[in-house]
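Colleague: Here's a sequence, model it:
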Amino acid sequence: MANARLDGLICARRSSNVAPGEVAGILVPAFVKLWGPDGPLLPLLRAAASNRLAADALIEIFTDRVTPALAAVAVDRPRERAALIGSHLIGIAVARHVIGVPPLIEMSDDTLVAWLGPVFAHYLSAVYPSAAEEAGEPMQAVPSRRNPTLE
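Modeller: Residues are numbered from 1 along each chain as shown. Predicted coordinates for the structure are as follows:
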């Protein structure tokens, strides 16, 4: 089921123009199903930290499955953009399911999708940094809202 949703990202992009902001809603549930505590790939993730064969298998999954799916949505440089998203997701999986960071464990999958949606949209559609520099447009972070309790 999760693989079908990930594979469906390619077809959806071709048929209904999935927006970069919608990618997290497709990718994260598939990722959670495959890499979560009941998923078949969590043992591979754990092993990849200390075993080269497991790490290579993990790279192959991202190279053969995730990168082609995201390439259908990325504006350019799909390998780099997919690597950013894949690294982000692996980091979350490690923090959530291997290390056990409490806020990530307690966070619902829907909330995780909501947090990651804008980040993945940025990864997929932002102007490549050197292209912005060449055009004379410095890369700028999106302004954040200030937390008055921290001031």
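
Colleague: Any regions of the chain where pLDDT drops low?
Modeller: 1-17, 131-151 (pLDDT under 70).

Colleague: let's see 50
Modeller: Counting by pLDDT under 50, the chain shows low-confidence ranges at 1-2, 5-6, 9-16, 142-151.

Colleague: Centroid-nearest residue for it?
Modeller: The centre of the chain sits closest to I85, judged by C-alpha atoms, centre = their mean, with a distance of 3.3 Å.

Colleague: got the contact list for that one?
Modeller: Counting by C-beta atoms under 8 Å, 6 or more residues apart in numbering, I85 makes contact with 27, 66, 70, 120, 123-124. No exception for glycine: its C-beta is placed from N, CA and C like everyone else's.

Colleague: Let me know the secondary structure of it.
Modeller: helix (DSSP: H, G, I helix; E, B strand; the rest coil).

Colleague: For it, give its distance to V73.
Modeller: 10 Å (C-beta to C-beta, to the nearest Å).

Colleague: overlap in contacts of these two?
Modeller: With C-beta under 8 Å, 6+ apart, I85 and V73 have common neighbours L124.

Colleague: Okay, and which of the contacts of I85 map to helices?
Modeller: The members of these that map onto helices under DSSP state H are 27, 70, 120, 123-124.

Colleague: Which one of those is nearest to P103?
Modeller: Nearest to P103 among these: F120, at 19.5 Å, using C-beta to C-beta.

Colleague: and that closest one, how far is that from P43?
Modeller: 26 Å.

Colleague: now L124
Modeller: 29 Å.

Colleague: Settle it for me: which of those two has more neighbours?
Modeller: L124 (24 against 10; other C-beta atoms under 10 Å).

Colleague: so what's the more buried one closest to, chain neighbours aside?
Modeller: P20 (3.9 Å; C-beta to C-beta, 6 or more residues apart in numbering).

Colleague: Counting neighbours, what do you get for the residue lying closest to V101 once chain neighbours are set aside?
Modeller: Spatially, and ignoring its direct neighbours in sequence, V101 is nearest to A95 (4.4 Å; C-beta to C-beta, 6+ apart). A95 has 14 neighbours, counted by other C-beta under 10 Å.

Colleague: What's the separation between A95 and A83?
Modeller: 18 Å.
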